[in-house]
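In: here is the input, now give the coordinates:
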Amino acid sequence: MSEDLKKYFTTGEFAKLCRVKKQTLFHYDEIGLFSPEIKQQNGYRYYSYNQFELFQVINLFKEVGVPLKAIKSLLKDQTPDRIVPLLKEKSAEIDNKIKKLKHLQKIIQTKVALTEQALETDFSSVSFQYLNEEKFMISRNTLDLPERKYIAAISELIHYAESHELDEGYPVGGIFAREQMLKKDFYNYNHFYIKVKEGIDKINYHVRPKGLYAVGYQKDEDVEDTYNRMIQFIKQNGMQIGDYAYEEYMLDEVMVDRTENQITKILLQVQEM
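Out: Down below sits the predicted model:
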């Protein structure tokens with residue numbers, strides 16, 4: 001090898017430097033996108049260190065979704081007026097992808113936290129817990145709705161949360177009023193709700209009041225039996241049920257594969273006699 005060629009990279013060396021396969025460099029040369037600086041008659045190809053920056057730009061455009069044909073066109077007429085707007089556009093796209101990935105990460109973290117909490121819970125227990133005020137996004141009123149409208153109300157709630165990126169990984173919950181509990185009408189919710197990020201305007205909210213709640217779990221028994229057990233616990237402790245009960249899954253279809261394995265957490269508002 002001549003002294004001059006010692007200043008250049010072979011195809012294998014340049015591919016290793018750029019962390020690509022040699023076939024990638026061959027393909028780029030074949031389509032006229034990126035060629036070695038020197039091509040000898042014996043077929044040997046050599047790249048200069050100056051070409052590394054150009055390859056990085058090509059790789060950058062490729063990573064953000066610019067087709068090779070468009071990259072080739074850009075590189076034929078490289079001017080700041082053409083390159084800068086495109087880079088700004090791709091930067092905005094990357095920001096949007098980062099935002100979506102962070103949103104997905106939040107959903108995953110929430111589901112992991114709920115599942116870890118469920119694994120440490122005694123589902124046969126009933127206890128009193130003091131809860132702080134919390135706001136939920138709620139569906140339209142679903143009390144006594146026909147089945148199709150009932151399903152539509154749930155769908156509207158879920159779709160709105162997802163389309164506005166409000167979903168943070170919490171399952172859909174249901175709200176019972178005291179009247180339904182007293183009538184043992186345990187499948188007739190007043191509203192459905194989802195815990196969402198705070199500070200969002202133009203959505204219907206329900207505020208769960210701060211105060212004392214009886215907390216129990218439904219797993220292997222009928223929902224009426226669960227409520228009877230919880231109400232009995234409340235009465236034995238000299239209390240009575242309050243205005244609302246809240247139901248939400250701790251283990252949903254994401255974590256368990258059968259409906260009978262799902263765990264429902266029930267928060268029953270209580271008050272003094």
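
In: so residue 228, which state does it fall into?
Out: Using DSSP: H, G, I helix; E, B strand; the rest coil, the structure places residue 228 in helix.

In: that one and residue 268: what is the separation?
Out: Shown here: residue 228 relative to residue 268, a distance of 12 Å by Cβ to Cβ, to the nearest Å. The way it works is simple: take the backbone N, C-alpha and C, and place the C-beta from them, glycine included.

In: settle it for me: which of those two has more neighbours?
Out: Shown here are residue 228 and residue 268; by other Cβ atoms under 10 Å, residue 268 has more neighbours (27 against 13).

In: what residues are up against that one?
Out: By Cβ atoms under 8 Å, 6 or more residues apart in numbering, the residues touching residue 268 are 181, 213-216, 227, 230-231, 234, 241-242, 245-246.

In: nearest to residue 166, of these?
Out: residue 246 (18.6 Å; Cβ to Cβ).

In: quick one: the closest one and residue 175 touch, right?
Out: Yes: shown here, residue 246 and residue 175 form a contact pair, counting by Cβ atoms under 8 Å, at 5.9 Å.

In: got any residues that touch both of these two?
Out: Here residue 246 and residue 175 have residue 193 as joint contacts, going by Cβ under 8 Å, 6+ apart.

In: list the buried residues in stretch 28-45.
Out: The neighbour-count check on stretch 28-45 (16 or more other Cβ atoms under 10 Å) flags 28, 33-34, 36, 45 as buried.

In: start to end distance for it?
Out: Using Cα to Cα, to the nearest Å, the span of stretch 28-45 from its first residue to its last is 13 Å.

In: same question for stretch 190-206.
Out: The straight-line separation of the ends of stretch 190-206 (Cα to Cα) is 11 Å.

In: and it, how far from the chain's centre?
Out: Counting by Cα atoms, centre = their mean, to the nearest Å, stretch 190-206 is centred 18 Å from the centre of its parent chain.

In: what residues sit buried inside that stretch?
Out: 190-196, 203, 206.

In: and which of those residues is nearest residue 149?
Out: Set against residue 149, the nearest of the buried residues of stretch 190-206 by Cβ to Cβ is residue 192 (12.5 Å).

In: all strands for the stretch 51-200 of the chain, in order.
Out: Applying DSSP state E, counting those that start in this stretch to the stretch 51-200 of the chain gives strands spanning 127-131, 134-138, 173-177, 191-194.

In: please identify which of these is closest to residue 148.
Out: For residue 148, the closest of the strands of the stretch 51-200 of the chain is strand 191-194, at 15.2 Å, according to Cβ to Cβ.

In: sheet partners, orientation included, of that closest one?
Out: Sheet pairing for strand 191-194, assigned by DSSP bridges, gives strand 134-138 (antiparallel), strand 173-177 (antiparallel).

In: now those strands in JSON lines, with distance to residue 160 and mean pLDDT?
Out: Putting the strands paired with strand 191-194 into JSON lines (distance: least, Cβ to Cβ, whole Å; pLDDT from 0 to 100) gives the following:
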{"stretch": "strand 134-138", "distance to residue 160": "8", "mean pLDDT": "91"}
{"stretch": "strand 173-177", "distance to residue 160": "15", "mean pLDDT": "92"}
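
In: would you list those in CSV and tack on distance to residue 95?
Out: CSV is the format used below for those (distance: least, Cβ to Cβ, whole Å):
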stretch, distance to residue 95
strand 134-138, 26
strand 173-177, 33
